[in-house]
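> Sharing a model prediction with you, sequence too.
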Amino acid sequence: QVQLVESGGGLVQAGGSLRLSCAASGRSFITYVMGWFRQAPGKGRNFVAAINRSGSNTYYADSVKGRFTISRDNAKNTVYLQMNSLKPEDTAVYYCAADSRGRWPPSLYEYWGQGTPVTVSS
């Protein structure tokens, strides 16, 4: 089992940047495919980005391609989401997720963090 704790959310103006972090503890971090999801107020949870175990492969939702970058540091047991050129429609609670079952990209994730809120003002 793995525990996930997100940080780095906050309030930013449109066009600005934020970097989210997700620290993992528990089983070996490198065994997990990692993902980021987001849930806007009153809406469902949507996929944002995923990264494979080694960090050599990434996958993005169309809505964030070219603006967001997912990365991981396996030595620090941490996955990041660099968010640039933020838009008001990026406002959401952002969740980190982990999956150990080896599928790429995962259709389901086993473990979830508690989320960190991001608000983008216009």
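In hand now; what should we look at? Owing to the predicted nature of the structure, the values given are computational and were not obtained by experimental measurement. Numbers count the residues shown, from 1 in each chain.
> The residue nearest the centre of the chain: helix or strand, and which one exactly?
Closest residue to the average C-alpha location of the chain: residue 36 at 2.5 Å, with C-alpha atoms, centre = their mean. Element membership of residue 36, judged by DSSP states H and E, is strand 33-39.
> List the contacts of residue 49.
Residue 49 is in contact with 35, 36, 58, 59, 60, 61, 64, 68, 69, 70, 81, counting by C-beta atoms under 8 Å, 6 or more residues apart in numbering. In short, each C-beta sits where N, CA and C put it, glycine included.
> Is there a neighbour count for residue 51? I'd like the number.
The local packing of residue 51 (other C-beta atoms under 10 Å) involves 25 other residues.
> Show me the beta-bridge partners of it.
Residue 51 has these beta-bridge partners by DSSP bridges: residue 34, residue 58.
> Then residue 12?
Here residue 12, judged by DSSP bridges, has bridge partners residue 120.
> before we move on, what about residue 79?
residue 22, residue 72.
> and it, what is it in contact with?
Contacts of residue 79 (C-beta under 8 Å, 6+ apart): 21, 22, 24, 34, 36, 51, 70, 71, 72, 73, 96.
> Quick check: the gap between the first one and residue 83.
Spelled out, that is residue 21. Using C-beta to C-beta, to the nearest Å, residue 21 is found at 12 Å from residue 83.
> Of these two, which one has the most company?
Using other C-beta under 10 Å, the more surrounded residue of residue 21 and residue 83 is residue 83, with 26 against 17.
> quick one: contacts for the more buried one?
17, 18, 19, 20, 64, 67, 68, 90, 118.
> burial measure for the closest residue to the first one other than its chain neighbours, as a count.
Distances taken as C-beta to C-beta, 6 or more residues apart in numbering place residue 84 nearest to residue 17, at 4.7 Å, with adjacent residues excluded. Other residues near residue 84 come to 14 when the count uses other C-beta under 10 Å.
> Go ahead and confirm residue 84 touches residue 14.
No - the criterion here is C-beta atoms under 8 Å, and residue 84 misses it with residue 14 at 11.7 Å.
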